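Peer 1: After the sequence you'll find the predicted model.
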Amino acid sequence: MIGSYPNLTELELADRPLLEPLFRELRDGLSELSFAGIYCFRTSHAYRIGRVAEGTYLLAGSDKGSPFFICPFGLPRPDLLAELFSRFSAMKLVTETQAAQLRQAGYEVSEDRDNFDYIYRREDLAALRGRALQRKRNLVHAFEKRHAYEAYALTPDRVGDALVVLEAWRGQARDQADYAPAREALEHASEFGLHGRLYYVEDKPAGYTLGEEARAGTMFVVHYEKAVPDMKGLYQVINMDFVRSLPPAVTLINREQDLGDAGLRQAKITYRPCDFVKKYRARL
C-alpha cells in the first residue's frame, strides 16, 4: 500500500492497477514514465513512492548516492515543493511544461541532454529511404540475402525463446545495466501491457524487441531491443520490420536516450531523428 508523504514506500506490483491509468494519461511521451518503466528499474534507482494529494504521487530515488525526486503527475503545492527541493539534490524527469513552471517559481532548470529521448517518424524507419539511410538499407538487404528469418508477435508462449536471446546477448554485452530490468520486463510483459516481436534466424531465436504505446497510442516506446552476437545487420532488420508491424495509429517511434554514451549517440543520430522528447533537471 502506498504511503502518504513523507512516509515513502517501496513500489510493488500491487500498485499497478492504481498507477497504470495515471501513467497512461500522460501526454509528454517521456520513455521512463510508465509503470513498467519505473517498476523494472526500481532497484537500479532505489525508487520509493508516496502520495502527496488525491491522485498525485511522487517518486524518490538515488543515483550514485545523490537523492532525487520525480513528480510524474504534476507539481505539488508550493510549500511542499520547496520542502522537496530542500530534502533532495534535484528534481529529475522534468517535462517542458514543468520546466516553465519551475523557472517562474525561481528554481534553476537545465536541460538533461544525456536523457533526451530520440523520436523518429514511423514511415522513415519502415522505409529507410534516402541517401542518409542507405547504409542501413544495405545492411538489411545483405542480411536478407545471407539468412532466412521469421518474425512473430512476442506472445507469452514465446517468452522462453526471448529469454534465450537475452542470455546470449548478456554473454557478450559490454554494458549489462539493463539486463535485470529486461528480464523482468519479459517475465511480466503481458501483465504490464508490453508488446514486442521475436525473430528467428535459421529457426533459432535470434532477436527481440519489446515496448509499449504512449501519447494515446500515437507513439511507441521501444524499451528493449536485444539480439544474439555476431549477426551483422540483424538489429537493422529488427528495427525496420518491427515498426512495419505496428498499428497505423502509431506515427512516432521513441527509441529512448543515449545516456551520454558517444557510440550510442552516434548510432541513434545516424537514423535521423525528427525530434526529441526533452527532459530537464531542476535545483534550488
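Peer 2: Done, it's in. Numbers count the residues shown, from 1 in each chain.
Peer 1: The stretch 1-150 of the chain: strands as residue ranges?
Peer 2: 3-4, 9-10, 48-53, 56-63, 66-70, 90-94, 108-111, 117-121, 149-153 (DSSP state E, counting those that start in this stretch).
Peer 1: so which of those is the most packed in?
Peer 2: strand 90-94 (a mean of 23; mean count of other CB atoms under 10 Å). Glycine gets a C-beta too; all of them are placed from N, C-alpha and C.
Peer 1: pLDDT (mean, whole number) over it?
Peer 2: For strand 90-94, the mean per-residue pLDDT is 98.
Peer 1: burial measure for C274, as a count.
Peer 2: 11 (other CB atoms under 10 Å).
Peer 1: That one and G171: what is the separation?
Peer 2: 35 Å (CB to CB, to the nearest Å).
Peer 1: And E123, by the same measure?
Peer 2: 35 Å.
Peer 1: can you put the strands of the stretch 1-150 of the chain in a markdown table and add distance to R281?
Peer 2: Listed next are those as a markdown table, based on distance: least, CB to CB, whole Å:
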| stretch | distance to R281 |
| --- | --- |
| strand 3-4 | 26 |
| strand 9-10 | 24 |
| strand 48-53 | 19 |
| strand 56-63 | 11 |
| strand 66-70 | 8 |
| strand 90-94 | 5 |
| strand 108-111 | 6 |
| strand 117-121 | 15 |
| strand 149-153 | 38 |
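Peer 1: Quick one: closest of those to L264.
Peer 2: strand 117-121 (9.9 Å; CB to CB).
Peer 1: Neighbouring strands of that closest one in the sheet, and parallel or not?
Peer 2: Neighbouring strands of strand 117-121 in its sheet, by DSSP bridges, are strand 252-254 (antiparallel), strand 275-277 (antiparallel).
Peer 1: Please identify the deepest-packed of these.
Peer 2: Comparing these by mean count of other CB under 10 Å gives strand 252-254 as most buried, with a mean of 23.
Peer 1: Strands along the stretch 151-284 of the chain, start to end?
Peer 2: 195-201, 204-214, 219-227, 252-254, 275-277, 280-283.
Peer 1: what's the spacing between the fourth one and its chain's center?
Peer 2: Chain-centre distance of strand 252-254: 11 Å, with CA atoms, centre = their mean, to the nearest Å.
Peer 1: And for the last one?
Peer 2: Its chain's average C-alpha position is 20 Å from that of strand 280-283, according to CA atoms, centre = their mean.
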